[in-house]
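Asks: with the input below, show me the fold.
(chains A and B)
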Number of protein chains: 2
Amino acid sequence: MNDAAVSDLSAHVDQLCARAKPAGIAIAGASDAQRVAGLEAAALAIEAASDSIIAANAQDLAAADSAGLSAAMLDRLRLDATRLAGVVGDLRAVAAQTDPVGRVLDERGIAQGLQLQKISVPLGVVCIIFESRPNVTVDAAALCVRSGNACILRGGKEAVHSNRAFAAAFRHGLETAGLNPDAVQLVQEQDRALVPLLLARSDAIDIVVPRGGEGLIKAVCEVSKIPVVKHDKGVCSLYIHAKANLAMAVELVLNAKCQRPGVCNAIENLLVDAAIAPTALPLLSTALTQAGVTVRACERALPLLPGAEAATAADWDEEYLNLTLAVKVVDDLDDALAFTAAHSSQHSDGIITDDTEAAERYLRTVDSSAVYHNASTRFTDGAQFGLGAEVGISTNRLHARGPMGISELCTYKYVVRGTGQARA
Amino acid sequence: MNDAAVSDLSAHVDQLCARAKPAGIAIAGASDAQRVAGLEAAALAIEAASDSIIAANAQDLAAADSAGLSAAMLDRLRLDATRLAGVVGDLRAVAAQTDPVGRVLDERGIAQGLQLQKISVPLGVVCIIFESRPNVTVDAAALCVRSGNACILRGGKEAVHSNRAFAAAFRHGLETAGLNPDAVQLVQEQDRALVPLLLARSDAIDIVVPRGGEGLIKAVCEVSKIPVVKHDKGVCSLYIHAKANLAMAVELVLNAKCQRPGVCNAIENLLVDAAIAPTALPLLSTALTQAGVTVRACERALPLLPGAEAATAADWDEEYLNLTLAVKVVDDLDDALAFTAAHSSQHSDGIITDDTEAAERYLRTVDSSAVYHNASTRFTDGAQFGLGAEVGISTNRLHARGPMGISELCTYKYVVRGTGQARA
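Replies: Predicted coordinates:
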């Protein structure tokens, strides 16, 4: 890339940042009713622009087809009237959520009779970097506006026309509702060299949320000077305890592995207590084989799982994202806890048991964003947790952990009311 | 530095990290009573080692004296029986705080009859990098152990002997209470080249808290691959509104500027509403002159402040940390809000007024970690806010904002209890 091109990218980043900050202050100052009206206007604008959005999407599909993208990728990219209605429905559901801004999180009298309140406030300017699915443009914009934040959105090049059409309609909606459209800005330049320039702007952007594959997340974390809340991989597990209900165990394993194997809250590892392995493994073997699951088993499990392959050490840390399951026999609860501490990516892990004491010890000890007793790990999700739509599932330990909804797009400030107190 | 020295530093960092992780898991699993007992044992161990701690401190003082450190620096470094009693008293006060771990932050029924709890859990391994005052070794260790975290402490070279003596006693105390002493590790190598090696270890350390001057904080933020909660500068202000009680205003300005000018919550900027400037400024001038304050004034304020110097544009963003105050006349509340948005470092800002509507608008609009009405900004402090001792005052927007106590050294996890729920 020549110098002129770099300077164009810099100029684009400068412009995005210069507009985002005042837009953030304006949207943070907008009332709940104004933000809700802005989202409703955006929904109407998207409905009104549906023909041009679908035409823009057709351009992306044609380009993707020529580029030889897989059928699965093309399907993720595709918009039609039904999907568009879904996007608008999701947008209205975000609008319908309770305002996360201005909530009194704590309130008490402090030193010298001062009154302290801890109040939720928007984070400021949120940058979301995502891949392929164009509906993320609308989701992310809606979550940010609902929580009083301005956003800078950078979508994948496959969906560039769809994203532009969505963003234009969204911004038009905000404008008709009297809000600053720069609360939602889409990066127009697709050049990858722009991303490091954007991620250097900690003066203008408060948080970066990368959504996509491992490569994207790693690249963002490596260069960002802005705090990153990442949505990293899920190496999740279920542990069938010695006192498990085996019928329940088989059902939960099938659900956690097979209901949607390509997502982060599906399990990759299954731990089976040695005390019940001789009974449990043959039952599981039949069920998993019927479900088309490829099993990689430890030495002790292998003889009890006809058709399974021998697992290697690498299997215990791998996120398959497909119908493969690594199965390991563990000695007892302690062994299961040690395995989980060593191999879980601290996303979602669960125990299946009728022994309350064992369950409580597991729930207390396992340090994952969500820990389960007698339930599928597939519930780790903003909607399932009752948080509404989510901007992602954080694998960070700081700020937000697990499903990240509009409340997690807020920070707080302390408001102190006095009657003339000077510090003694 | 030669290759052998670098490899020694690497080996030291590897050892610190290898010990911190299991120590973190162990201290997170310790009960409230065990952690309190560990801190009480540490207090007793420090009392028992007081002679050797004071002797170690004498070594540091002698070295600092030879190195020509200022009298103020020597005073910050010095320990005596009274100060040592203060350090132990602070440690016992941390032990007496309510357990921040295992608190139920939220609890409700979610999808398909599952029961969800959001529970506070320790962050894991906390790295604190600090300068000069040796009492920080004990404070930081106590806050981390109280909140179930392991810590890696890296103090300044001026206090190396004092820090080692404190850390040795603290670890001995933990050990006598049956806790893993590696919950508190002091970096033994003073070589600065170690710091980047430590800050690269996001695999082993969950959070870095730099405490010290602007140079230290900048250096840490630039190289760290671990999330940083920084304690950055405070460019704080008070705004005397048109309807302020002037006697109160003079008292609060003096307190916020002069009570301890070298700290981050002291004010650097004073805004005076044009409507009352002709009355307020002469009153302030007398009071500030008597208090030995150097005033840098805007063009409109200058004629009303005998002895003041003319302010330059740079004054509005400067953290003086001494008895200098920049004074600006503003047109009205809007002008004050615009100035504050442009120049505040978002630490602490306040309004003085008897007009409730103006006060509420100011409190709502100013986006600082603490905003005040009719009180001195000097109250932004963990102890004053009733949070107990603090690990610092965060100027981050994410995770923790403002005074950071033991609750802010925690994150959370979701615990989900079911009766066999598979996701539909």
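
Asks: what segments of the stretch 251-400 of chain A are strands?
Replies: Along the stretch 251-400 of chain A, counting by DSSP state E, counting those that start in this stretch, strands occupy A:267-273, A:294-297, A:309-310, A:324-330, A:348-352, A:370-375, A:392-394.

Asks: going by mean pLDDT, which of those comes out lowest?
Replies: Least confident of the strands of the stretch 251-400 of chain A, judged by mean pLDDT, is strand A:392-394 with a mean of 91.

Asks: list the contacts of that one.
Replies: Here strand A:392-394 makes contact (Cβ atoms under 8 Å, 6 or more residues apart in numbering or on different chains) with A:209, A:211, A:229-231, A:234, A:264-265, A:347, A:369, A:380-382, A:400-404, A:408. (Each C-beta comes from the backbone N, C-alpha and C, glycine too.)

Asks: give me whichever of the strands of the stretch 251-400 of chain A is most buried.
Replies: Ranked by mean neighbour count, the strands of the stretch 251-400 of chain A are led by strand A:348-352 with a mean of 31 (mean count of other Cβ atoms under 10 Å in any protein chain shown).

Asks: those strands in the stretch 101-250 of chain A, which residues are they?
Replies: According to DSSP E, counting those that start in this stretch, the strands that the stretch 101-250 of chain A contains are A:104-109, A:115-122, A:125-130, A:150-154, A:184-186, A:207-211, A:236-240.

Asks: okay, the ones you listed in JSON lines with distance to B:Thr279 and mean pLDDT next?
Replies: Compiled in JSON lines, those are given as follows (distance: least, Cβ to Cβ, whole Å; pLDDT from 0 to 100):
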{"stretch": "strand A:104-109", "distance to B:Thr279": "33", "mean pLDDT": "95"}
{"stretch": "strand A:115-122", "distance to B:Thr279": "29", "mean pLDDT": "98"}
{"stretch": "strand A:125-130", "distance to B:Thr279": "41", "mean pLDDT": "96"}
{"stretch": "strand A:150-154", "distance to B:Thr279": "41", "mean pLDDT": "97"}
{"stretch": "strand A:184-186", "distance to B:Thr279": "46", "mean pLDDT": "98"}
{"stretch": "strand A:207-211", "distance to B:Thr279": "45", "mean pLDDT": "93"}
{"stretch": "strand A:236-240", "distance to B:Thr279": "68", "mean pLDDT": "98"}
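
Asks: adding distance to A:Arg300 and mean neighbour count, write the ones you listed out as CSV.
Replies: Putting those into CSV (distance: least, Cβ to Cβ, whole Å; neighbours: other Cβ atoms under 10 Å in any protein chain shown) gives the following:
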stretch, distance to A:Arg300, mean neighbour count
strand A:104-109, 49, 11
strand A:115-122, 51, 20
strand A:125-130, 42, 26
strand A:150-154, 48, 26
strand A:184-186, 54, 24
strand A:207-211, 39, 25
strand A:236-240, 14, 28
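
Asks: what residues does the stretch 101-250 of chain A put near chain B?
Replies: Applying Cβ under 8 Å from any Cβ of the partner chain, we find that the stretch 101-250 of chain A lies next to chain B at A:108, A:110-112, A:114, A:116, A:121, A:123-124, A:206-207, A:221, A:225, A:227, A:229, A:245, A:248.

Asks: now, which of those lie within helices?
Replies: Members of those lying in helices (criterion: DSSP state H): A:Cys221, A:Met248.

Asks: in ChimeraX, select just the buried ones from the residues of the stretch 101-250 of chain A next to chain B.
Replies: Filtering these down to the buried ones (16 or more other Cβ atoms under 10 Å in any protein chain shown) takes a single ChimeraX command:
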select /A:110,111,112,114,116,121,123,124,206,207,221,227,229,245,248
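
Asks: where's A:Leu281 relative to chain B, distance?
Replies: Distance, A:Leu281 to chain B, using Cβ to the nearest Cβ, to the nearest Å: 20 Å.

Asks: ok and the residue in the stretch 151-300 of chain A nearest chain B?
Replies: A:Asn255 (3.5 Å; Cβ to the nearest Cβ).

Asks: I figured that residue hits A:Arg378, correct?
Replies: Yes - between A:Asn255 and A:Arg378 a contact is recorded at 6.1 Å, counting by Cβ atoms under 8 Å.

Asks: show the contacting residues for A:Leu304.
Replies: Taking Cβ under 8 Å, 6+ apart as the test, what A:Leu304 contacts is A:Ala277, A:Pro278, A:Leu281, A:Pro282, A:Ser285.

Asks: tell me the pLDDT at it?
Replies: 96.

Asks: ok, A:Asp191 next?
Replies: As predicted, A:Asp191 sits at a pLDDT of 89.

Asks: was I right about it contacting A:Ser10?
Replies: No - applying Cβ under 8 Å as the test, A:Asp191 and A:Ser10 come out as separate, 11.3 Å apart.

Asks: what's the local residue count around A:Ala64?
Replies: By other Cβ atoms under 10 Å in any protein chain shown, the residues close to A:Ala64 number 20.

Asks: check which helix or strand covers it.
Replies: Under the criterion of DSSP states H and E, A:Ala64 resides in helix A:50-66.

Asks: show me what counts as buried in that helix.
Replies: A:Ser50, A:Ile53, A:Ile54, A:Ala56, A:Asn57, A:Asp60, A:Leu61, A:Ala63, A:Ala64.

Asks: tilt between the lengthiest helix in chain A and strand A:115-122?
Replies: Ranked by residue count under DSSP H, the longest helix found in chain A is helix A:3-29. With axes from the mean of the first three to the mean of the last three Cα atoms, to 10 degrees applied, the angle from helix A:3-29 to strand A:115-122 works out at 140 degrees.

Asks: for helix A:3-29, which residues meet the burial criterion?
Replies: Applying 16+ other Cβ under 10 Å to helix A:3-29 flags A:9, A:12-13, A:16-17, A:19-21, A:23-28 as buried.

Asks: that one packs against which elements?
Replies: Counting contacts by 3 or more Cβ pairs under 8 Å, 6 or more residues apart in numbering or on different chains; DSSP states H and E, helix A:3-29 packs against strand A:115-122, strand A:125-130, strand A:150-154, strand A:184-186, helix A:194-199.

Asks: who's in contact with the first one?
Replies: Outside strand A:115-122, the residues within contact range by Cβ under 8 Å, 6+ apart are A:24, A:27-28, A:100-110, A:147-149, A:407, A:409-418, B:367, B:385-386.

Asks: strand partners of it, parallel vs antiparallel please.
Replies: strand A:104-109 (antiparallel), strand A:410-421 (antiparallel) (DSSP bridges).

Asks: save those strands as a markdown table, and put in distance to A:Glu158 too.
Replies: Shown next, in a markdown table, are the strands paired with strand A:115-122 (distance: least, Cβ to Cβ, whole Å):
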| stretch | distance to A:Glu158 |
| --- | --- |
| strand A:104-109 | 40 |
| strand A:410-421 | 32 |
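
Asks: A:Ala375 and B:Gly420 touch, don't they?
Replies: Yes - A:Ala375 is within contact range of B:Gly420, at 7.3 Å (criterion: Cβ under 8 Å).

Asks: shared neighbours of A:Asp191 and A:Ser10, which are they?
Replies: By Cβ under 8 Å, 6+ apart, no residue touches both A:Asp191 and A:Ser10.

Asks: so for A:Ser162, which of the strands of the stretch 101-250 of chain A sits nearest?
Replies: Minimum separation from A:Ser162 across the strands of the stretch 101-250 of chain A (Cβ to Cβ) falls at strand A:184-186, 10.9 Å.

Asks: for A:Thr312, grab the count of nearby residues.
Replies: 10.

Asks: er, A:Thr286 I mean
Replies: With other Cβ under 10 Å as criterion, A:Thr286 counts 12.

Asks: chain center to the longest helix of chain A: distance?
Replies: Distance of helix A:3-29 from its chain centroid, counting by Cα atoms, centre = their mean, to the nearest Å, is 25 Å.
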